[in-house]
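**Q** The following comprises the amino acid sequence and a computationally predicted model.
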Amino acid sequence: MAEGGAERIHLTSQAVADVEAYLEYKRIVGDADKDLPGGIMTPEQYEHFKKTVVVDRIKNRLFVSWTNPDGMDCKLVGPETPCFCGHRYKAHRSDYNDLPPHPIPVPCQERGCRCRSYRYLPSVVGTQPPRCTCKHTAEEHDARAPHACKRSGNACACRAYRTSYRCECGHTTADHAMIVETREERLERGKPVGKVVPYAAMGGITGFSSLIDGYRRLDDSGIGAPSAEELRSPMPAECKYFMPPSQLQAQPAQLHSSTARRAIQPDRRHAAASGQPAGSMPTVKSTHGSQHTTATKPTGHSRK
């Protein structure tokens with residue numbers, strides 16, 4: 001037992017290799033073994049799975065994205081991305097021996113779930129999705145499209161889930177579309193497809209940048225790479241709060257960053273909504289034990 005009550009686990013090199021092998025196994029198998037005795041495949045079943053299911057998975061991989069009218073993939077769906085039905089993407093069918101005609105369904109495979117095809121729903125606070133215009137939560141609506149309200153039987157007249165929530169791209173939720181496409185179709189749209197991988201329920205994930213929302217993603221699936229003109233343009237004064245003092249003093253006239261300039265746009269919108277000046281920084285509260293401290297960053301005035 002280590003100091004402070006924390007437990008330290010020591011593994012041999014063989015144990016570490018075994019853990020890595022199991023993690024690789026789960027990335028490939030996903031939830032396909034949950035109904036097997038012991039919840040795991042035998043070595044023979046695993047090898048057969050890789051020679052059959054994985055081969056078809058690579059050939060017929062489905063790329064799933066939540067896309068706005070401008071063609072930007074605001075959300076690239078991954079294994080852990082939740083669906084309207086409350087289950088994650090990895091609980092939906094994404095492996096096909098032969099692809100069905102379009103639109104390709106991605107139904108939920110959890111017992112008793114009425115979801116016929118995956119639908120992404122953005123979160124407003126934490127994991128809480130926005131309420132419907134009928135004032136009821138998404139959980140109180142049917143998992144099957146068009147997601148009629150189930151509140152108190154038929155007491156609510158809502159026949160389809162609708163929300164006024166706007167994505168950070170500026171479009172409403174209703175303006176977005178769920179796109180389920182093949183590798184060839186995604187390439188035709190000019191979107192990245194990443195490397196060929198054998199893992200289950202990868203959806204639209206093609207790299208670490210796929211975890212970022214589209215309006216911040218600097219590739220062809222998001223807002224795109226900045227132009228040469230943007231890279232040469234002067235950095236806004238607000239961006240100095242994001243730069244180390246050493247860089248500010250070393251090259252104050254050569255600092256350029258369209259990425260940082262884009263990053264502050266949401267802050268400007270939030271400042272306008274809260275009545276704060278555009279150049280001001282929000283108040284940050286921190287708690288240390290029983291003491292509470294409040295600190296506010298400067299709003300453009302030089303320190304003496």
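**A** Yes, it's here. Numbers count the residues shown, from 1 in each chain.

**Q** What helix or strand is the residue nearest to Pro198 when sequence neighbours are not counted located in?
**A** Spatially, and ignoring its direct neighbours in sequence, Pro198 is nearest to Val54 (4.7 Å; Cβ to Cβ, 6 or more residues apart in numbering). Just so you know, the C-beta spots here come from the backbone N, C-alpha and C atoms, and that holds for glycine as well. Using DSSP states H and E, Val54 sits in helix 43-59.

**Q** And that helix, what does it pack against?
**A** helix 13-29 (3 or more Cβ pairs under 8 Å, 6 or more residues apart in numbering; DSSP states H and E).

**Q** What mean pLDDT does the helix it packs on get?
**A** Averaged across helix 13-29, the pLDDT comes to 95.

**Q** Across the sheet, point out what pairs with the residue lying closest to Ser210 once chain neighbours are set aside.
**A** Among residues not flanking Ser210 along the chain, Leu76 sits closest, at 4.4 Å (Cβ to Cβ, 6+ apart). Beta bridges link Leu76 to Ser65, judged by DSSP bridges.

**Q** Neighbours of Leu76, how many?
**A** 29 (other Cβ atoms under 10 Å).

**Q** shouldn't it be in contact with Ser209?
**A** No: here Leu76 does not reach Ser209: they are 9.0 Å apart, not a contact under Cβ atoms under 8 Å.

**Q** that older thread, what residues of the helix holding Val54 count as buried?
**A** Phe49, Val53, Val54, Arg57 (16 or more other Cβ atoms under 10 Å).

**Q** I'd like the residues you listed written out as CSV, with pLDDT added.
**A** Listed next are the buried residues of helix 43-59 as CSV, based on pLDDT from 0 to 100:
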residue, pLDDT
Phe49, 96
Val53, 95
Val54, 96
Arg57, 95
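
**Q** Quickly name whichever of those residues is closest to Ile104.
**A** For the buried residues of helix 43-59, the residue nearest Ile104 by Cβ to Cβ is Arg57; the value is 14.1 Å.

**Q** Next, the contact list for the spatially most central residue of the chain, please.
**A** Centroid check for the chain by Cα atoms, centre = their mean gives Leu211 as the closest residue, at 5.0 Å. Contacts for Leu211 (Cβ atoms under 8 Å, 6 or more residues apart in numbering) come out as Leu76, Gly78, Ile205.

**Q** Can you list phi and psi of the second one for me?
**A** Torsion angles at Gly78 (phi, psi; degrees, to the nearest 10) stand at phi -120, psi -180.

**Q** From Ser13, how far off is it?
**A** From Gly78 across to Ser13, the span is 31 Å (Cβ to Cβ, to the nearest Å).

**Q** neighbour-wise, which of the two wins?
**A** Gly78 (17 against 7).

**Q** got a pLDDT number for that one?
**A** 95.

**Q** Which pLDDT value belongs to Gln128?
**A** Looking at Gln128, the pLDDT reads 83.
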